[in-house]
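Novice: I would like to see how this sequence folds:
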Amino acid sequence: MTQPILDLSRAHRTDVAHHTFVRVITKDQFAQMRSVPFRLMTADLVAILVLDLPDGIIPLTQSSVERFGGWDELFAIGIDNLAAMDLIDIDRHGDATCSFTAVTGGTALTASKLLVGADLIEQADGFRPTDDGYLFAAPHSRLFAYSPIRNASVLPAIRALLRFAAHEFSGAEREDRLSPHIFWQRGERIEQLSTLEDGGALSVTFSDDCRSVLERVSGQAL
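Specialist: Model prediction:
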């Protein structure tokens, strides 16, 4: 049976809550929107509230957000709905010495699972990341890739994940692209590790905190 389209002019808060998700988009994509509240996630990525409906993913405007519960309430609901989304395909890359995992989905909300990365990793791997966090990439809207920081395998995984992210980003449709970069997530903190050089190549730079973690788990000086 076809799911009826939600009419916001008549919708109840519970109906809206069922369809509400948090979506990560680029700042360029956000710049084309009007009166849409947001949260800055990284230098180039922002989170907005959307409705996932049969006829498409619709951004929630400021007035709609205020009408149906406010930003904090809807953001929490959207995060819970993201966490409950099924994982369509889990692909392990590499081996014990250098590995990362790519999760793909049939929805443009898949990469937004970066907002619930620790839950996703527990769902896919059977255990949560340690306090040292994990590396991740979100090259386009239907792909999220990650590598938990556990041991020395994280160092070659950085380069492998960077190549993978850049390849997937360049091969995606322009409207689906998110970021060619890799990031370090530790608790609520997200730190971008890669930068785009003048010639178009990607390079990796570590903050003092990230360098300290990587050196400790790998036993190698960076």
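Novice: Pull out the buried positions in the lengthiest helix in the chain.
Specialist: Longest helix in the chain by number of residues (criterion: DSSP state H): helix 154-171. The neighbour-count check on helix 154-171 (16 or more other Cβ atoms under 10 Å) flags 154-158, 160-162, 164-166, 168-169 as buried. Glycine gets a C-beta too; all of them are placed from N, C-alpha and C.
Novice: what's Pro54 sitting at in phi/psi?
Specialist: Note on Pro54: its backbone torsions stand at phi -60, psi -30 [degrees, to the nearest 10].
Novice: one step back: turn the buried residues of helix 154-171 into a markdown table, including pLDDT and distance to Met41.
Specialist: Formatted as a markdown table, the buried residues of helix 154-171 follow (pLDDT from 0 to 100; distance: Cβ to Cβ, whole Å):
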| residue | pLDDT | distance to Met41 |
| --- | --- | --- |
| Val154 | 91 | 22 |
| Leu155 | 92 | 26 |
| Pro156 | 91 | 27 |
| Ala157 | 92 | 22 |
| Ile158 | 93 | 20 |
| Ala160 | 93 | 24 |
| Leu161 | 95 | 18 |
| Leu162 | 94 | 19 |
| Phe164 | 95 | 21 |
| Ala165 | 95 | 16 |
| Ala166 | 94 | 20 |
| Glu168 | 96 | 19 |
| Phe169 | 96 | 17 |
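Novice: ok, Arg10 to Val16 distance?
Specialist: 11 Å (Cβ to Cβ, to the nearest Å).
Novice: Between those two, point out the one with more neighbours.
Specialist: Of the pair Arg10 and Val16, Val16 is the one with more neighbours under other Cβ atoms under 10 Å, namely 21 against 7.
Novice: For that one, give its distance to Arg186.
Specialist: From Val16 across to Arg186, the span is 33 Å (Cβ to Cβ).
Novice: what does Val46 give?
Specialist: On the measure of Cβ to Cβ, Val46 and Arg186 end up 20 Å apart.
Novice: Comparing these two, which shows the higher neighbour count?
Specialist: Ranked by neighbour count (other Cβ under 10 Å), Val46 and Arg186 place Val46 first, with 20 against 17.
Novice: Check the buried residues of helix 154-171 against Ala138 and report the nearest one.
Specialist: Of all the buried residues of helix 154-171, Ala138 sits closest to Ala165, with 8.1 Å by Cβ to Cβ.
Novice: residue ranges of the strands in the chain, please?
Specialist: Using DSSP state E, the strands of the chain run over 20-26, 39-40, 45-53, 56-59, 89-95, 98-104, 134-137, 143-148, 182-186, 189-192, 194-196, 202-204.
Novice: Show me what the longest one is in contact with.
Specialist: So that's strand 45-53. If you take Cβ atoms under 8 Å, 6 or more residues apart in numbering as the criterion, strand 45-53 is touched by 5-6, 16, 19-27, 30, 33, 36-41, 57-60, 65, 71, 74-75, 78, 107, 109, 112, 115, 138, 178-179.
Novice: burial count for Glu191?
Specialist: Counted with other Cβ under 10 Å, residues neighbouring Glu191 total 14.
Novice: One more: the one 10 residues further on?
Specialist: Other residues lying near Ala201 total 10 when counted by other Cβ under 10 Å.
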